[in-house]
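[1] how does the following fold in three dimensions:
(one chain, ligands or ions: 1)
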Amino acid sequence: MAKIRTIIFVISLCVLSLGAVAQSSLITGQVTKVDQSAGKITIKHGPIKKLGMDEGMTMVFKAQDPTMLKAVKSGDKVKFDAEDVNGQLTVTKIEKTK
Ligand SMILES: [Cu+2]
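    I've put the predicted structure just below:
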């Protein structure tokens, strides 16, 4: 019985971690510049397949909401999501990571 419980426990852990991976489709990057007055942020980021960027680069994004730029500063490591909004690459979500 103990073995079955262990197996069930391990399986549920796997399912949980799969869920976490699916959820974190966020892009990893590092902030190199924040321009709050312009509502723009420069991020050095890894590949973003959905936006056609197969390689990492450093680029400027527009912030969907300028107030989200208050949470981050130059040098911060971040996870973020970006979308093409009317031809302008826009950060829709950003959070600091350690
Ligand atoms: Cu890019």
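[2] and what about M68, helix, strand or coil?
    In the three-state summary, M68 is assigned as helix, counting by DSSP: H, G, I helix; E, B strand; the rest coil.
[3] output the lowest mean pLDDT helix or strand found in the protein.
    Sorting the helices and strands of the chain by mean pLDDT, DSSP states H and E puts helix 2-23 at the bottom, at a mean of 64.
[4] tell me the spacing between the nearest residue to K79 once chain neighbours are set aside and S37.
    Using C-beta to C-beta, 6 or more residues apart in numbering and skipping the chain neighbours, the partner closest in space to K79 is L26 (4.0 Å). For every residue, glycine as well, the C-beta is placed using N, CA and C. Note on L26: its distance to S37, by C-beta to C-beta, to the nearest Å, is 26 Å.
[5] which one of the two has more residues nearby?
    L26 (15 against 7; other C-beta atoms under 10 Å).
[6] what residues does the chain put near the ion?
    For the chain, the residues in contact with the ion (C-beta under 5 Å from the ion) are M53, M57, M59.
[7] now list the buried members of the residues you listed.
    Buried members of those, scored by 16 or more other C-beta atoms under 10 Å, are M53, M59.
[8] and the least confident of the residues of the chain next to the ion?
    Taking pLDDT as the measure, the residues of the chain next to the ion have their low point at M53 (95).
[9] what sits closest to that one if chain neighbours are left out?
    Once chain neighbours are set aside, the closest to M53 by C-beta to C-beta, 6+ apart is P47, at 5.8 Å.
[10] same deal with D81?
    D81 sits nearest to K93 (C-beta to C-beta, 6+ apart), 4.3 Å away.
[11] ok, the one you found - contacts?
    If a contact means C-beta atoms under 8 Å, 6 or more residues apart in numbering, then K93 has L26, Q64, M68, F80, D81 as its contacts.
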